[in-house]
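Asks: Here's a sequence, model it:
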Amino acid sequence: MTQELNQMDAQKYLQAMGLGPVWHLRNPETLAATPEVAPEMPSPLVDVAEEKNPPAVDIAQQEPVRDVTPVQVKQLLTEDMSWEVLQETVAACQACRLCQGRQKTVFGVGDQKARWLFVGEGPGYNENIQGQPFVGTAGQLLDNMLNALGLKRGEATYIANVVKCRPTDDLGKDRPPSADEIAACLPYLQRQIALIQPEVIVALGKTAAIALLGLSPETPVGQLREKVHHYQSLPLIVTYHPAYLLRKPADKAKAWADLCLARSSLGDSAA
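Replies: Numbers count the residues shown, from 1 in each chain. Below you'll find the model as predicted:
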């Protein structure tokens, strides 16, 4: 009897991890009598080695994974995960504490095969309510920046954030995401980039820049501007976040120079 219960606990754990087929017990009454055992929550900063030979995945049979932990995010986001399943998995994610205060996850918006990818920090008050990125005054400025490039939101562009839920402080005000929150959510953005395959990435602000480039949080935006960086083989340009430009409008000219550099980098790849 003890051996059967241990086997059923192992099956439930594998199912929650999304790591394999779930075998149905021959006796359903035995399953009903089995106590629930919650798996131990790992640290969000723990790194997990990838499987050397992951099993083939049938995309048609994929389902969103719910109640995912930070370690599981890295395990589950394989090269076979489709756009639809990725979006549903993000909507159900509980990999960090940001899920506790969210109204809606903010997955991103735009052309799924965009040439331009714009990456911001995280959702704010309005984004949390509407489930769309950059919908407030900073979003209006971003739309104006796109128009200056001859672009439109949703046409040849995609807009996303480093984290998909709104970070707030103890007073309920917006704040930058912490290192562990970025670590938990970044694999989602990385999978989006792999699916979109943009020709250029524009990092809007320091949080996006240091997350994508793997830099120290102390690195200032001014030190990263006016250079063509690379995320893997994709050119990446760093500029100011639109919210910063609303506070410092004198720096809009610098942001325009950054966008021009991004435009000239379209299609370039790392040597």
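
Asks: where does the stretch 101-250 of the chain dip in pLDDT?
Replies: Of all residues in the stretch 101-250 of the chain, none has pLDDT under 70.

Asks: residue boundaries of the strands in it?
Replies: 109-110, 116-120, 157-161, 200-204, 229-231, 234-239 (DSSP state E, counting those that start in this stretch).

Asks: Could you export these as TSV, including distance to Asp170 and mean neighbour count?
Replies: Just so you know, the C-beta spots here come from the backbone N, C-alpha and C atoms, and that holds for glycine as well. What follows is those, written out as TSV (distance: least, Cβ to Cβ, whole Å; neighbours: other Cβ atoms under 10 Å):
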stretch	distance to Asp170	mean neighbour count
strand 109-110	30	18
strand 116-120	23	27
strand 157-161	22	24
strand 200-204	26	27
strand 229-231	34	18
strand 234-239	30	24
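
Asks: Rebuild these as a markdown table, extending it with distance to Gly101.
Replies: Shown next, in a markdown table, are the strands of the stretch 101-250 of the chain (distance: least, Cβ to Cβ, whole Å):
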| stretch | distance to Gly101 |
| --- | --- |
| strand 109-110 | 22 |
| strand 116-120 | 19 |
| strand 157-161 | 16 |
| strand 200-204 | 23 |
| strand 229-231 | 29 |
| strand 234-239 | 29 |
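
Asks: so which of those comes closest to Glu127?
Replies: Proximity to Glu127 (Cβ to Cβ) singles out strand 157-161 among those, at 8.1 Å.

Asks: so Trp256 makes contact with Leu141?
Replies: No. Using Cβ atoms under 8 Å, Trp256 is not in contact with Leu141, being 11.9 Å away.

Asks: Which one's more surrounded, those two?
Replies: Neighbours per residue (other Cβ atoms under 10 Å) separate Trp256 from Leu141, with Leu141 holding more: 19 against 14.

Asks: and the gap between the nearest residue to Tyr231 once chain neighbours are set aside and Leu142?
Replies: Of all residues not flanking Tyr231 in the chain, Leu212 sits nearest, at 5.1 Å (Cβ to Cβ, 6 or more residues apart in numbering). Distance from Leu212 to Leu142, counting by Cβ to Cβ, to the nearest Å: 18 Å.

Asks: and Phe118, what does it touch?
Replies: Residues in contact with Phe118 (Cβ atoms under 8 Å, 6 or more residues apart in numbering) are Leu142, Thr157, Tyr158, Ile159, Ala160, Ile201, Val202, Leu204.

Asks: likewise Glu127?
Replies: Glu127 neighbours (Cβ under 8 Å, 6+ apart): Val106, Pro133, Phe134, Val135, Gly136, Arg166.

Asks: can you count the residues close to Ile210?
Replies: 21.

Asks: my read: it touches Gln223, true?
Replies: No. At 10.9 Å, Ile210 does not count as touching Gln223 under the criterion of Cβ under 8 Å.

Asks: Now the longest helix along the chain: buried residues?
Replies: Counting by DSSP state H, the longest helix found in the chain is helix 179-196. Using 16 or more other Cβ atoms under 10 Å as the test for burial, helix 179-196 gives 181-193, 196.

Asks: Make TSV from these and add distance to Gly124 to it.
Replies: Formatted as TSV, the buried residues of helix 179-196 follow (distance: Cβ to Cβ, whole Å):
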residue	distance to Gly124
Glu181	15
Ile182	16
Ala183	21
Ala184	19
Cys185	16
Leu186	19
Pro187	22
Tyr188	18
Leu189	17
Gln190	23
Arg191	23
Gln192	20
Ile193	22
Ile196	23
